[in-house]
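1. I would like the atomic coordinates for the input below:
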Amino acid sequence: MRVIISDDHPVVLMGLKAALQSYGDKFRIVGEARNGQELVSLLSREPCDLLITDFSMPDDQLSEDGLSMLAGLRKSHPQLSILVLTMLSNPALVQGMLAVGVSGVVDKMAMTRELMLAIDVICAGRIYLSERTRKQIEEAVMVSDEPGSMSPREAEVVRFLAQGLTVSEIARRTGRSVKTVSQQKRDAMRKLGLDGDKQLYDYARSNGLL
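-> Model (predicted):
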């Protein structure tokens, strides 16, 4: 199986490579990327069967990551199996990943024990979610009609704002208009009952968005 791996942390790339290589000839790593721009370029010239990628890969060039990157990859490579590794645990973001068509989501903290299981499930044509992620999704569904339930796009705007990006930078990164991003920011803060940027950052840090 031809695999491309992508993460902005070299240590994670090394760990992924070692894990896959430990299975002998079952996997062949045909490329590595450290941000969204590198990943898009690599996939355009190197075919593969499975992409294992981080969700959040911020860089100085403001290249795509997150939901917009995944949606673009799905559109350009509709047959590609995509497994997301992430430290983020916000249910709205995970639901957004599933909505754009990822094949699986694995919590980085559980990568050692869940990576191969996830790949096997994906190869069998099914969706894989880490145990912790499944529980969070189930809990989110139960309270989906309650105040404070953000949409995936609103959650991503909060994530970017908490990283220090401006509304204009978020619009450029996500391919949305400044007006749309501004409205999503207002809607998210209204739903969450937040009054300012510090409260937004504190929310993002404590709710799996950073």
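2. From here on, just use CA atoms for contacts and neighbour counts.
-> Noted.
3. In the chain, what residue spans correspond to helices?
-> Ranges of helices within the chain are 10-21, 36-45, 66-76, 91-99, 111-123, 131-142, 152-162, 167-174, 178-192, 197-206, based on DSSP state H.
4. Mean neighbour count for these - can I get that in a markdown table?
-> Shown next, in a markdown table, are these (neighbours: other CA atoms under 10 Å):
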| stretch | mean neighbour count |
| --- | --- |
| helix 10-21 | 15 |
| helix 36-45 | 16 |
| helix 66-76 | 19 |
| helix 91-99 | 20 |
| helix 111-123 | 16 |
| helix 131-142 | 15 |
| helix 152-162 | 22 |
| helix 167-174 | 18 |
| helix 178-192 | 17 |
| helix 197-206 | 16 |
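5. can I assume Y201 is in contact with A162?
-> Yes. Using CA atoms under 8 Å, Y201 is in contact with A162, at 4.9 Å.
6. What is the least confident helix or strand in this structure?
-> In the chain, no helix or strand scores lower on mean pLDDT, DSSP states H and E than helix 131-142, which sits at a mean of 71.
7. quick one: contacts for S103?
-> S103 makes contact with 81-83, 122, 126-128, according to CA atoms under 8 Å, 6 or more residues apart in numbering.
8. Turn the residues you listed into CSV, including distance to L194 and pLDDT.
-> Output for the contacts of S103, formatted as CSV (distance: CA to CA, whole Å; pLDDT from 0 to 100):
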residue, distance to L194, pLDDT
S81, 37, 97
I82, 34, 97
L83, 33, 97
I122, 39, 95
R126, 38, 94
I127, 34, 93
Y128, 33, 95
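9. List the residues that contact the most centrally placed residue in the chain.
-> In the chain, the centroid-proximal residue (CA atoms, centre = their mean) is F55; its distance is 2.7 Å. Contact partners of F55, counting by CA under 8 Å, 6+ apart, are 65-67, 84-86.
10. Now do it, the pLDDT please.
-> For F55, the pLDDT comes out at 91.
11. again with the one 4 residues further on
-> At D59 the predicted local distance difference test score is 70.
12. quick one, what contacts it?
-> Here D59 is in contact with N35 (CA under 8 Å, 6+ apart).
13. roughly how far apart are it and D7?
-> D59 sits 11 Å away from D7, taking CA to CA, to the nearest Å as the criterion.
14. Could you tell me which residues touch both of these two?
-> Joint contacts of D59 and D7 (CA under 8 Å, 6+ apart) are N35.
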